[in-house]
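**Q** build the 3D model from these lines:
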Amino acid sequence: MTLKAADFGKVAVLMGGTAAERDVSLNSGNAVLAGLQRRGVDAHAVDVTGPGTLQEIAAGGFDRAFIVLHGRGGEDGVIQGALEMLGIPATGSDVTGSAICMDKYRTKLVWQGMRLPTPGFAVLRDENDLVTASELGFPLMVKPAHEGSSIGMRRVESLRELGEAWEEARQYDSDVLAECWITGAEYTATILGDQALPLIRLETPREFYDYQAKYVADDTRYLIPCGLDSEREAEIQALALQAFEGVGASGWGRVDLMIDGEERPWLIEVNTVPGMTDHSLVPMAAAAVGIDFDELVWQILAQTLECA
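**A** Here you go, the predicted model:
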């Protein structure tokens, strides 16, 4: 049966939020909204600004929701649980998958339990943890455990810099990770349904693929094809899909990883609500297999009919 726009009913495109990634979410949300509307979907923007928004959603007669909320409140299972209580099907991962993936620490614990490759790390909760983390060896990457878009991240080369970076990162999160720095190439794998799309290799003149490189800079290079031979790319895609499903993620998302100088892959994190801006990687990967932006958001929304 051919799917029609009317089959979706009234759709809430949830965007904005109150997290540090609000501006990115608004950009992504408006892009998704426009794409759905171009396909004839009865889609409406909903800026999630607090508990009162749930009353708006409940009273709005919405049949389903497209979640484009980045960061806390949008990717951590909170909005997923609220929509589940309201009986409104939503795009992306469920409560459990969202909560695990938003927590970089617990994501890595799951991967370690599955014997999947992820860089060594230490959790920084107080000053006593700094010495323990330094024993991993420098350089290290310091990052808040529950933030996205590279917010609060910094590479450090010494115990002094580690302390400074921890002070900065804990402004965003009480749990901070110090992770072994991997020297190598950065890749990302988009997951759509039960498939991993072609890998993208990321190249930036900056120290790493940070917030500026993701959303502002025009000198970031996105290589697709990624440069790996087809057999090796298929192996990395399979690893990414295993990592994605292993932490309970579903529907759509992105797995970020690195490949070091010895050709070993290292899983970094999962994004369950990736960016959908003009700089974003998911639309880029979809385009590589002939899926334009409007078709991409249509396919993601169609997953809510499958699970309804």
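
**Q** now residue 9, nearest residue through space, not along the chain?
**A** residue 63 (3.0 Å; Cβ to Cβ, 6 or more residues apart in numbering). Bear in mind the C-beta positions are built from the backbone N, C-alpha and C, glycine included.

**Q** just checking, the one you found touches residue 6?
**A** No: counting by Cβ atoms under 8 Å, no contact exists between residue 63 and residue 6, whose distance comes to 10.4 Å.

**Q** break this protein into its domains for me.
**A** Split into domains by automatic domain parsing, the chain comes to 5-92, 101-117+182-288, 121-180.

**Q** helix or strand for residue 255, which one?
**A** Per DSSP states H and E: residue 255 is located in strand 252-260.

**Q** neighbouring strands for that strand, and are they parallel or not?
**A** Strand 252-260 has these partner strands in its sheet, going by DSSP bridges: strand 184-192 (antiparallel), strand 265-271 (antiparallel).

**Q** let me know the secondary structure of the nearest residue to residue 94 once chain neighbours are set aside.
**A** Spatial nearest neighbour of residue 94, excluding adjacent residues (Cβ to Cβ, 6+ apart): residue 80 at 5.9 Å. Per DSSP: H, G, I helix; E, B strand; the rest coil, the secondary structure class of residue 80 is helix.

**Q** thinking again about what came up before, same drill for residue 63 and residue 6, tell me which one is more crowded.
**A** residue 63 (17 against 9; other Cβ atoms under 10 Å).

**Q** who's in contact with the more buried one?
**A** 8, 9, 10, 11, 88, 89 (Cβ atoms under 8 Å, 6 or more residues apart in numbering).

**Q** quick revisit: which one of the strands paired with strand 252-260 lies nearest to residue 134?
**A** Minimum separation from residue 134 across those (Cβ to Cβ) falls at strand 265-271, 20.3 Å.

**Q** hmm, who's touching the closest one?
**A** Taking Cβ under 8 Å, 6+ apart as the rule, strand 265-271 contacts 75, 101, 104, 107, 111, 116-119, 148, 182, 184, 236, 239-240, 243-244, 247, 249, 253-260.

**Q** average pLDDT for that strand?
**A** Averaging pLDDT along strand 265-271 gives 97.

**Q** after it comes which helix or strand?
**A** Downstream of strand 265-271, the first helix or strand assigned by DSSP H and E is helix 281-288.

**Q** just the buried residues of that next one, please?
**A** 281, 282, 283, 284, 285, 286, 287, 288 (16 or more other Cβ atoms under 10 Å).

**Q** got the angle for the helix or strand following that helix vs helix 281-288?
**A** Next helix or strand after helix 281-288 toward the C-terminus (DSSP H and E): helix 293-306. On the basis of axes from the mean of the first three to the mean of the last three Cα atoms, to 10 degrees, helix 293-306 is oriented at 100 degrees to helix 281-288.

**Q** mind starting the numbering at 145 from now?
**A** Sure, I'll start numbering at 145, so the last one becomes helix 437-450.

**Q** show me what helix 437-450 is in contact with.
**A** Here helix 437-450 makes contact (Cβ under 8 Å, 6+ apart) with 147, 151-152, 155, 175-176, 179-180, 182-183, 185, 208-210, 233-236, 336-337, 395-396, 420, 426-427, 430-431, 435.

**Q** mind giving me the ChimeraX select for those, buried ones only?
**A** In ChimeraX syntax, the buried subset of those is picked out as below (16+ other Cβ under 10 Å):
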select :152,155,175,176,179,180,183,185,208,209,210,233,234,235,236,336,395,396,420,426,427,430,431,435
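
**Q** and the contacts of stretch 156-175?
**A** Contacts to stretch 156-175, defined as Cβ under 8 Å, 6+ apart, come from residues 176-177, 180, 187-194, 201, 204, 206, 208-218, 223, 232, 291-293, 295, 316, 359, 419-422, 424, 437.

**Q** can you give me the end-to-end span of that stretch?
**A** End-to-end distance of stretch 156-175 (Cα to Cα, to the nearest Å): 14 Å.

**Q** and it, what's its mean pLDDT?
**A** The average pLDDT within stretch 156-175 is 93.

**Q** again, but for stretch 182-195
**A** Mean pLDDT, computed over stretch 182-195, is 95.

**Q** got it, and stretch 388-401?
**A** The average pLDDT within stretch 388-401 is 98.
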